[in-house]
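**Student:** Structure for this input, please:
(chains A and B)
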Amino acid sequence: MTSSHPADAPGRVRRRKTSQLGDKIFFNAARGAGILLLVIMAAIAGFLAYRSALALSKNQGNFLTTFEWAPDAPKPVFGIAVLAFGTIVSAVIAMVIAVPVAIGIALFISHYAPRKIAQPFAYLVDLLAAVPSIVYGLWGALFLVPHLDGLTSWMDQYLGWTYVFDQTRAGTTPRTLFTVGILLAIMVLPIITAVTREVFRQVPRMHEEAALALGATRWEMIRTSVLPFGRPGIISASMLGLGRALGETIAVAVVLSSNSVLSLHLLDPGGGTFAQNIALKFNEAGSFGRDALMASGLVLFVITLLVNGAARMIVARRKEYSGANA
Amino acid sequence: MKLQRNGRSKALVVGAMALVSSLSLAACGSDDNTGGAGAAGTSAPAAAAIACGKAGALVAAGSTAQGNAIDVWKTNFGNACAGSSVNYSGGGSGAGVQQFTQGKVQFAGSDSALKPAEVDATKAVCTGGQGINLPLVAGLISIVFNVDGVDKLTLDGATTAKIFDSQITKWNDPAIAALNPGVNLPAADIQAFHRSDDSGTTDNLTKYFAKASGGAWSYPSSKTWAGKGGQSASGSAGLAAQVKQVKNSISYVELSFAQTNSLKSAAINTGASKPVEATADNAATTFAKAKIAGTGSDLALTLDYATKEEGSYPLVLVTYEIVCDKGNKADTLETLKSFLTYAASDGGQQAIGSTGYVPLPKELASKVQAVIPTLA
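**Tutor:** Here you go, the predicted model:
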């Protein structure tokens, strides 16, 4: 790049000048983007906090433990107990189902499938992410719910002793937190799959070959080299998926038969989530009701921040053991 | 290699976008199944009756319950009056009233009349005047049910309230049987469905319960569902879909949703000599007797939910257009007046009658027609 010809000196100087200018522009643009992100986050948090404070000061019930949501009643009472429970439970169900399946799909694409099948298959999974959530919601309400009757009755019969899977209201359709969890699992599947797949592809070829050379079977090779290397990636991918599951709105609103009862019977219709509650109540809410919904939005914001923070910490700690730095 | 991959992924993006847009179009289409047909069927005769004022564009927002009615009107109005248009975004009554008090819309659609505090808030945008309620879109709420072997069902206020509050849980409960002699009611659990979103329909139903259930409904009337038990779904369309899908179910939807989903509606025993069917004619009888609660040009109605009159269906709802009596925006005033005049006219009311609303009785419509020219 650099030439030591004296004749080139003026040109070189000029070139360096422009490249310095370019550097400056790029540096400032990048720094600006970073600052902008922080400003946006702070603005959202500030806006939510301000509106929440307006609502919380007039709440007649305990915001954290109240079940019902009636901010526009003459005596405003609203709380997030049911919403927080529903949001977390449905997201946990989604992760329990989606993470193992996603890892399976990612391994299949990266290590098992013949190249000819792997590529189209990967595109197919990515395509799942392009389906709008209202379509998932309609599919869930019109197809998944009627077809889950058999499964939920079976679970009620054989797993009813666990209390959690006991159906107490016979004859109801399974428009439940459990069903929502299954639907969310399908929705987060492509996100988790896409990220883990890429991570599995990054596994150093030497690691894999070393494992195979030591006589490991394919599964043992994956267990000893691919999975440990990919663990931080799996965790990050899961957190991305979890973020979507926590915040999913319209699909939950269409599928769930919500109410303000906190019940551990996951196969009974009822419960609610933050985003679903906001979507359903916002249209008819008065200005105070909107502030109350903002307060619930703030809680979701905080929960998501905590989850992401926890994920970062896990990833940071795992890095040292996993060989990801190799 | 690099180029090739680039090309392929571009093609994929295009394909994905095509898929997404067609899917989301399909989703929009399924939502709106009453307005389009009605608009197409009625535009020809109604167009003749519209007196166009100065051309202008109206912006409005509010109640989704009257969304289909506005759709019909704005299509006919736009066809008849070149250059005039109405842009109605149904974000709910609350949002509509809020935007009206912020001066963002020329009129708002609302499921309930303005409260005193809201009237005060409108004074800021209605210079020298205040917001008034014009009843323009009337409807009725059907109690729809899906029970094998039961074609006709009669209920009364108290029984209906108890069903929706889980006090009555079996279809063959003595209270239901007493109202339906000779009907073979199954011994099945009642699957009662209510709205999961806040809604003017719920508000009207619970207002009816408060007046006509003899104390069986122990909650105050509200847009938010307060009853015990039952299951929920969002929107009238959601409820109608559930009732169609689930055996032994019961719910409440506006008449148009009962019609388009061909659901059976219960008749109501009001104390009249025979049970009153959920028909537009029977609802019109109730509106004809409605008292005007507003003063001056405000035409807010008080409905008699406990009516015992022959052929008067008690479970009715009325939605309002909220405008300023004085101090409407000058540049769109004429367009606003001509649009509302058309809406209140016989042609306008008959046009929405065929999409499941209830045309206002002549006497009431003429009161609205008398107010519109006085808007300033």
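**Student:** centroid residue for chain B?
**Tutor:** By CA atoms, centre = their mean, chain B has its centre lying nearest to B:Ala65, at 3.0 Å.
**Student:** who are the neighbours in contact with B:Ala280?
**Tutor:** Taking CB atoms under 8 Å, 6 or more residues apart in numbering or on different chains as the definition of contact, the neighbours of B:Ala280 are B:Leu140, B:Leu255, B:Gly353, B:Tyr357, B:Val358, B:Pro359. Using the backbone N, CA and C atoms, a C-beta is placed for each residue, glycine as well.
**Student:** Could you tell me which of the residues you listed belong to strands?
**Tutor:** Those of these mapping onto strands are B:Leu140, per DSSP state E.
**Student:** Please, which helix or strand holds residue 206?
**Tutor:** Just so you know, I chose chain A. helix A:205-213 (DSSP states H and E).
**Student:** The chain in question should be chain B.
**Tutor:** In the assignment (DSSP H and E), B:Thr206 maps to helix B:200-212.
**Student:** Residues in contact with that helix: which ones?
**Tutor:** Contacts with helix B:200-212, where a contact means CB under 8 Å, 6+ apart, come from A:284, B:63, B:65, B:93, B:111-112, B:141, B:156-158, B:160-161, B:164, B:194-195, B:216-217, B:219-226, B:236, B:252-254, B:270, B:303, B:305-306, B:314-317, B:319.
**Student:** can you rerun that using 6 Å?
**Tutor:** B:65, B:93, B:111, B:141, B:157, B:161, B:195, B:217, B:221, B:223, B:225, B:252, B:305-306, B:315, B:317 (CB atoms under 6 Å, 6 or more residues apart in numbering or on different chains).
**Student:** can I have stretch A:72-81 written out in PDB, keeping just the CAs?
**Tutor:** Only the C-alpha atoms of stretch A:72-81 are listed here, as PDB (Å, rounded to 0.1, in the frame of the first residue of the first chain):
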ATOM      1  CA  ASP A  72     -60.400   3.100  34.600                       C
ATOM      2  CA  ALA A  73     -62.800   2.000  37.300                       C
ATOM      3  CA  PRO A  74     -63.900   4.800  39.700                       C
ATOM      4  CA  LYS A  75     -61.400   3.300  42.200                       C
ATOM      5  CA  PRO A  76     -58.500   2.400  40.000                       C
ATOM      6  CA  VAL A  77     -57.000  -0.900  40.900                       C
ATOM      7  CA  PHE A  78     -54.400  -2.700  38.800                       C
ATOM      8  CA  GLY A  79     -51.600  -5.100  39.400                       C
ATOM      9  CA  ILE A  80     -49.100  -7.200  37.400                       C
ATOM     10  CA  ALA A  81     -49.100 -10.400  39.400                       C
END
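**Student:** And it, what's buried?
**Tutor:** With burial defined by 16 or more other CB atoms under 10 Å in any protein chain shown, the residues of stretch A:72-81 counted as buried are A:Asp72, A:Ala73, A:Pro76, A:Val77, A:Phe78, A:Gly79, A:Ile80, A:Ala81.
**Student:** want to throw those into CSV with secondary structure, pLDDT and distance to B:Asn248?
**Tutor:** Output for the buried residues of stretch A:72-81, formatted as CSV (DSSP: H, G, I helix; E, B strand; the rest coil; pLDDT from 0 to 100; distance: CB to CB, whole Å):
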residue, secondary structure, pLDDT, distance to B:Asn248
A:Asp72, coil, 82, 33
A:Ala73, coil, 82, 32
A:Pro76, coil, 89, 36
A:Val77, strand, 90, 33
A:Phe78, strand, 92, 33
A:Gly79, coil, 92, 33
A:Ile80, coil, 93, 34
A:Ala81, helix, 94, 32
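**Student:** Chain B: which of the residues you listed is nearest?
**Tutor:** For the buried residues of stretch A:72-81, the residue nearest chain B by CB to the nearest CB is A:Ala73; the value is 6.6 Å.
**Student:** Would you list the phi and psi of that closest one?
**Tutor:** phi -70, psi 160 (degrees, to the nearest 10).
**Student:** Which residue is the nearest non-sequential neighbour of it?
**Tutor:** The shortest distance from A:Ala73 to any residue other than its chain neighbours is 6.6 Å, reached at B:Ser222 (CB to CB, 6 or more residues apart in numbering or on different chains).
**Student:** Neighbours of the residue of the stretch 201-326 of chain A found nearest chain B, how many?
**Tutor:** Proximity to chain B, evaluated over the stretch 201-326 of chain A using CB to the nearest CB, is greatest for A:Asn283 at 3.0 Å. Using other CB atoms under 10 Å in any protein chain shown, A:Asn283 is surrounded by 21 other residues.
**Student:** pretty sure it is in contact with B:Ser89, am I right?
**Tutor:** No. Shown here, A:Asn283 and B:Ser89 do not form a contact pair, counting by CB atoms under 6 Å, at 11.1 Å.
**Student:** residues near A:Val131, how many?
**Tutor:** Residue crowding around A:Val131 was assessed by other CB under 10 Å; the count is 18.
**Student:** Regarding it, what is its secondary structure?
**Tutor:** Secondary structure state of A:Val131, per DSSP: H, G, I helix; E, B strand; the rest coil, is coil.
**Student:** quick one, helices of the stretch 251-376 of chain B?
**Tutor:** B:255-260, B:280-288, B:330-344, B:346-353, B:362-371 (DSSP state H, counting those that start in this stretch).
**Student:** what's the answer for the stretch 151-300 of chain A, then?
**Tutor:** For the stretch 151-300 of chain A, the helices defined by DSSP H, counting those that start in this stretch cover A:177-202, A:205-213, A:218-221, A:227-247, A:250-255, A:274-282, A:287-322.
**Student:** still on that earlier bit, filter the contacts of helix B:200-212 to the buried ones?
**Tutor:** In terms of neighbour count (16+ other CB under 10 Å), the buried residues within the contacts of helix B:200-212 are B:65, B:93, B:111, B:141, B:157, B:161, B:195, B:217, B:221, B:223, B:225, B:252, B:305, B:315, B:317.
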